[in-house]
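J.: coords please:
(chains A and B)
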Number of protein chains: 2
Amino acid sequence: MHLTTTPAPPYYAVIFTSILSPQDAGYHEASDRMFELVATSPGFLGYDSVRDTDRIGITVAYFKDEASIATWRDQPEHVTTRHRGRTEWYEAFQVRVARVERAYGSPT
Amino acid sequence: MHLTTTPAPPYYAVIFTSILSPQDAGYHEASDRMFELVATSPGFLGYDSVRDTDRIGITVAYFKDEASIATWRDQPEHVTTRHRGRTEWYEAFQVRVARVERAYGSPT
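T.: So this is what the prediction gives:
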(Lines give C-alpha, C1' and ligand atoms only; values in the text may rest on other atoms or scores of the structure.)
Protein backbone atom coordinates (compact mmCIF):
# COMPACT_ATOMS: atom_id res chain seq x y z
CA MET A 1 0.00 0.00 0.00
CA HIS A 2 1.72 3.11 -1.20
CA LEU A 3 1.39 6.17 -3.39
CA THR A 4 3.54 6.29 -6.46
CA THR A 5 6.33 8.82 -6.65
CA THR A 6 7.24 10.70 -9.79
CA PRO A 7 10.14 12.91 -10.88
CA ALA A 8 9.92 16.70 -10.86
CA PRO A 9 7.40 18.16 -13.34
CA PRO A 10 6.77 18.61 -16.14
CA TYR A 11 5.47 15.18 -17.11
CA TYR A 12 2.10 13.84 -18.24
CA ALA A 13 -0.84 12.24 -16.48
CA VAL A 14 -3.46 10.06 -18.15
CA ILE A 15 -6.53 10.25 -15.90
CA PHE A 16 -8.82 7.29 -16.55
CA THR A 17 -12.18 7.18 -14.77
CA SER A 18 -14.58 4.30 -15.24
CA ILE A 19 -17.63 2.46 -13.96
CA LEU A 20 -17.07 -1.28 -14.04
CA SER A 21 -20.01 -3.39 -15.18
CA PRO A 22 -21.17 -6.20 -12.89
CA GLN A 23 -20.48 -8.46 -15.91
CA ASP A 24 -16.73 -8.29 -15.51
CA ALA A 25 -15.56 -11.80 -16.39
CA GLY A 26 -11.91 -11.59 -17.43
CA TYR A 27 -11.54 -8.00 -16.32
CA HIS A 28 -9.30 -8.46 -13.29
CA GLU A 29 -6.83 -10.73 -15.06
CA ALA A 30 -6.66 -8.29 -17.97
CA SER A 31 -6.22 -5.34 -15.63
CA ASP A 32 -3.36 -7.05 -13.79
CA ARG A 33 -1.74 -7.85 -17.12
CA MET A 34 -2.01 -4.25 -18.32
CA PHE A 35 -0.33 -2.94 -15.15
CA GLU A 36 2.43 -5.51 -15.65
CA LEU A 37 2.82 -4.53 -19.29
CA VAL A 38 2.71 -0.74 -18.91
CA ALA A 39 5.56 -0.97 -16.41
CA THR A 40 7.79 -2.00 -19.33
CA SER A 41 6.60 0.76 -21.67
CA PRO A 42 9.24 3.40 -22.48
CA GLY A 43 8.68 6.65 -20.60
CA PHE A 44 6.19 5.16 -18.12
CA LEU A 45 6.77 6.74 -14.70
CA GLY A 46 4.23 5.11 -12.39
CA TYR A 47 0.54 4.98 -11.55
CA ASP A 48 -2.04 5.21 -8.80
CA SER A 49 -5.22 3.15 -9.13
CA VAL A 50 -8.26 2.83 -6.89
CA ARG A 51 -11.70 1.28 -7.31
CA ASP A 52 -14.38 1.64 -4.67
CA THR A 53 -17.25 -0.59 -3.65
CA ASP A 54 -19.57 1.31 -6.03
CA ARG A 55 -17.42 0.02 -8.92
CA ILE A 56 -16.17 3.49 -9.76
CA GLY A 57 -12.47 3.52 -10.52
CA ILE A 58 -9.80 6.12 -11.04
CA THR A 59 -6.42 5.24 -12.48
CA VAL A 60 -3.84 7.93 -13.06
CA ALA A 61 -0.84 6.80 -15.09
CA TYR A 62 2.19 9.03 -15.40
CA PHE A 63 4.39 9.29 -18.47
CA LYS A 64 7.48 11.24 -19.40
CA ASP A 65 5.97 12.91 -22.46
CA GLU A 66 3.34 12.69 -25.19
CA ALA A 67 5.49 10.28 -27.21
CA SER A 68 5.49 7.84 -24.29
CA ILE A 69 1.70 8.03 -24.11
CA ALA A 70 1.45 7.31 -27.85
CA THR A 71 3.77 4.33 -27.54
CA TRP A 72 1.58 2.82 -24.83
CA ARG A 73 -1.63 3.69 -26.72
CA ASP A 74 -0.34 1.74 -29.74
CA GLN A 75 1.01 -1.30 -27.87
CA PRO A 76 -0.79 -4.18 -29.63
CA GLU A 77 -1.89 -6.13 -26.54
CA HIS A 78 -3.07 -2.89 -24.96
CA VAL A 79 -5.07 -2.00 -28.08
CA THR A 80 -6.88 -5.34 -27.90
CA THR A 81 -7.54 -5.14 -24.17
CA ARG A 82 -8.68 -1.52 -24.37
CA HIS A 83 -11.25 -2.54 -26.97
CA ARG A 84 -12.53 -5.30 -24.69
CA GLY A 85 -12.76 -2.79 -21.86
CA ARG A 86 -14.88 -0.40 -23.85
CA THR A 87 -17.17 -3.04 -25.31
CA GLU A 88 -17.41 -5.59 -22.47
CA TRP A 89 -16.38 -4.29 -19.06
CA TYR A 90 -17.06 -0.58 -18.67
CA GLU A 91 -20.49 0.95 -18.32
CA ALA A 92 -18.87 4.34 -18.78
CA PHE A 93 -15.38 5.77 -18.99
CA GLN A 94 -13.54 9.05 -19.48
CA VAL A 95 -9.93 9.67 -20.42
CA ARG A 96 -8.16 12.97 -19.81
CA VAL A 97 -4.59 13.67 -20.86
CA ALA A 98 -2.96 16.40 -18.81
CA ARG A 99 0.44 18.00 -18.44
CA VAL A 100 1.53 18.03 -14.81
CA GLU A 101 2.93 21.46 -14.06
CA ARG A 102 3.66 21.25 -10.34
CA ALA A 103 3.51 18.68 -7.58
CA TYR A 104 4.07 18.48 -3.84
CA GLY A 105 3.19 16.28 -0.94
CA SER A 106 4.24 14.56 2.23
CA PRO A 107 7.69 12.98 2.44
CA THR A 108 7.79 9.61 0.68
CA MET B 1 -23.03 6.69 -9.12
CA HIS B 2 -21.67 8.60 -12.06
CA LEU B 3 -18.56 10.07 -13.60
CA THR B 4 -18.32 13.81 -13.72
CA THR B 5 -18.48 15.56 -17.05
CA THR B 6 -16.37 18.56 -17.92
CA PRO B 7 -16.33 21.11 -20.73
CA ALA B 8 -13.95 20.87 -23.67
CA PRO B 9 -10.27 21.31 -22.75
CA PRO B 10 -8.21 23.16 -21.85
CA TYR B 11 -8.97 23.24 -18.13
CA TYR B 12 -7.09 22.16 -15.01
CA ALA B 13 -7.05 19.03 -12.88
CA VAL B 14 -5.88 18.84 -9.28
CA ILE B 15 -4.94 15.20 -8.68
CA PHE B 16 -4.95 14.43 -4.97
CA THR B 17 -3.79 11.00 -3.83
CA SER B 18 -3.77 10.01 -0.18
CA ILE B 19 -3.57 7.22 2.35
CA LEU B 20 -6.12 7.71 5.09
CA SER B 21 -4.98 6.92 8.62
CA PRO B 22 -7.05 4.46 10.65
CA GLN B 23 -7.37 7.35 13.13
CA ASP B 24 -9.81 9.27 11.02
CA ALA B 25 -12.24 10.76 13.56
CA GLY B 26 -13.90 13.76 11.96
CA TYR B 27 -12.54 13.02 8.52
CA HIS B 28 -15.70 11.94 6.74
CA GLU B 29 -17.76 14.89 7.94
CA ALA B 30 -14.97 17.26 6.93
CA SER B 31 -14.63 15.59 3.54
CA ASP B 32 -18.35 15.87 2.86
CA ARG B 33 -18.22 19.52 3.85
CA MET B 34 -15.30 20.22 1.52
CA PHE B 35 -17.13 18.67 -1.45
CA GLU B 36 -20.17 20.80 -0.59
CA LEU B 37 -18.03 23.92 -0.31
CA VAL B 38 -15.88 23.44 -3.41
CA ALA B 39 -19.05 23.16 -5.49
CA THR B 40 -19.63 26.86 -4.76
CA SER B 41 -16.07 27.93 -5.57
CA PRO B 42 -15.76 30.11 -8.71
CA GLY B 43 -14.39 28.18 -11.69
CA PHE B 44 -14.92 24.74 -10.13
CA LEU B 45 -16.03 22.32 -12.84
CA GLY B 46 -16.55 18.98 -11.07
CA TYR B 47 -14.71 16.11 -9.43
CA ASP B 48 -14.29 12.35 -9.29
CA SER B 49 -13.36 10.76 -5.96
CA VAL B 50 -12.74 7.16 -4.98
CA ARG B 51 -11.31 5.46 -1.90
CA ASP B 52 -10.70 1.73 -1.73
CA THR B 53 -10.72 -0.72 1.13
CA ASP B 54 -6.93 -0.27 1.54
CA ARG B 55 -7.65 3.37 2.48
CA ILE B 56 -5.94 4.70 -0.62
CA GLY B 57 -7.90 7.53 -2.21
CA ILE B 58 -7.75 9.47 -5.43
CA THR B 59 -9.71 12.67 -5.89
CA VAL B 60 -9.42 14.61 -9.12
CA ALA B 61 -11.00 18.05 -8.99
CA TYR B 62 -11.42 20.06 -12.17
CA PHE B 63 -11.13 23.83 -12.40
CA LYS B 64 -11.46 26.36 -15.17
CA ASP B 65 -8.01 27.87 -14.72
CA GLU B 66 -5.15 28.48 -12.32
CA ALA B 67 -6.95 31.46 -10.76
CA SER B 68 -9.85 29.18 -9.80
CA ILE B 69 -7.42 26.76 -8.15
CA ALA B 70 -5.85 29.62 -6.18
CA THR B 71 -9.26 30.85 -5.03
CA TRP B 72 -10.11 27.39 -3.68
CA ARG B 73 -6.65 26.98 -2.15
CA ASP B 74 -7.12 30.20 -0.19
CA GLN B 75 -10.72 29.61 0.93
CA PRO B 76 -10.44 30.00 4.74
CA GLU B 77 -12.44 26.92 5.78
CA HIS B 78 -10.53 24.88 3.22
CA VAL B 79 -7.20 26.14 4.56
CA THR B 80 -8.16 25.00 8.06
CA THR B 81 -9.46 21.62 6.96
CA ARG B 82 -6.49 20.99 4.69
CA HIS B 83 -4.20 21.57 7.65
CA ARG B 84 -6.17 19.04 9.72
CA GLY B 85 -5.91 16.56 6.85
CA ARG B 86 -2.16 16.84 6.67
CA THR B 87 -1.58 16.70 10.40
CA GLU B 88 -4.35 14.36 11.58
CA TRP B 89 -5.91 12.22 8.87
CA TYR B 90 -3.45 11.40 6.12
CA GLU B 91 -0.52 9.03 6.47
CA ALA B 92 0.71 10.27 3.10
CA PHE B 93 -0.54 12.50 0.31
CA GLN B 94 0.51 13.90 -3.04
CA VAL B 95 -0.93 16.80 -4.99
CA ARG B 96 -0.36 17.29 -8.70
CA VAL B 97 -1.68 20.24 -10.67
CA ALA B 98 -2.07 19.51 -14.35
CA ARG B 99 -3.44 21.21 -17.46
CA VAL B 100 -5.90 18.96 -19.26
CA GLU B 101 -5.11 19.09 -22.94
CA ARG B 102 -7.52 16.56 -24.42
CA ALA B 103 -10.34 14.34 -23.23
CA TYR B 104 -12.64 11.69 -24.64
CA GLY B 105 -14.85 8.90 -23.41
CA SER B 106 -18.10 7.04 -23.64
CA PRO B 107 -21.33 8.98 -24.17
CA THR B 108 -22.55 10.54 -20.92
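J.: three-state assignment of A:Ala67?
T.: Applying DSSP: H, G, I helix; E, B strand; the rest coil to A:Ala67 yields a three-state assignment of helix.
J.: ok, the residue lying closest to it once chain neighbours are set aside - how many residues close by?
T.: The spatially closest residue to A:Ala67, leaving aside those adjacent along the chain, is A:Gly43, at 6.8 Å (C-beta to C-beta, 6 or more residues apart in numbering or on different chains). Backbone N, C-alpha and C define where each C-beta goes, glycine included. Counted with other C-beta atoms under 10 Å in any protein chain shown, residues neighbouring A:Gly43 total 17.
J.: who are the contact partners of the nearest residue to A:Val14 once chain neighbours are set aside?
T.: Residue nearest to A:Val14 in three dimensions, not counting chain neighbours: A:Ala61, with 4.7 Å by C-beta to C-beta, 6+ apart. Listed by C-beta atoms under 8 Å, 6 or more residues apart in numbering or on different chains, the contact set of A:Ala61 reads A:13-14, A:16, A:38, A:44, A:46-47, A:72.
J.: next SSE after the longest helix anywhere in chain A?
T.: Taking DSSP state H as the criterion, chain A has its longest helix at helix A:27-38. Next helix or strand after helix A:27-38 toward the C-terminus (DSSP states H and E): strand A:44-51.
J.: what lies in contact with that next one?
T.: A:3-7, A:11, A:20, A:35, A:38, A:57-64, A:68, A:72, B:17, B:50-52, B:56-58.
J.: pull out the buried members of these.
T.: The neighbour-count test (16 or more other C-beta atoms under 10 Å in any protein chain shown) marks A:3, A:6, A:11, A:20, A:38, A:57-64, A:68, A:72, B:17, B:50-52, B:56-58 as buried among the contacts of strand A:44-51.
J.: among those residues, which lie within strands?
T.: If you go by DSSP state E, the buried ones among the contacts of strand A:44-51 have A:11, A:20, A:57-63, B:17, B:50-51, B:56-58 in strands.
J.: and of the contacts of A:Ala61, the nearest to chain B?
T.: Nearest to chain B out of those is A:Ala13 (C-beta to the nearest C-beta; 5.2 Å).
J.: who's in contact with that closest one?
T.: So A:Ala13 contacts A:60-63, A:97-100, B:13, B:15, B:96, B:98 (C-beta under 8 Å, 6+ apart).
J.: what about A:Gly26, how many residues nearby?
T.: Neighbour count for A:Gly26, taken as other C-beta under 10 Å: 12.
J.: look up how far A:Arg96 lies from the residue nearest to A:Gly57 when sequence neighbours are not counted.
T.: Nearest residue to A:Gly57, sequence neighbours excluded (C-beta to C-beta, 6+ apart): A:Arg51, at 3.7 Å. To A:Arg96, A:Arg51 is 18 Å away according to C-beta to C-beta, to the nearest Å.
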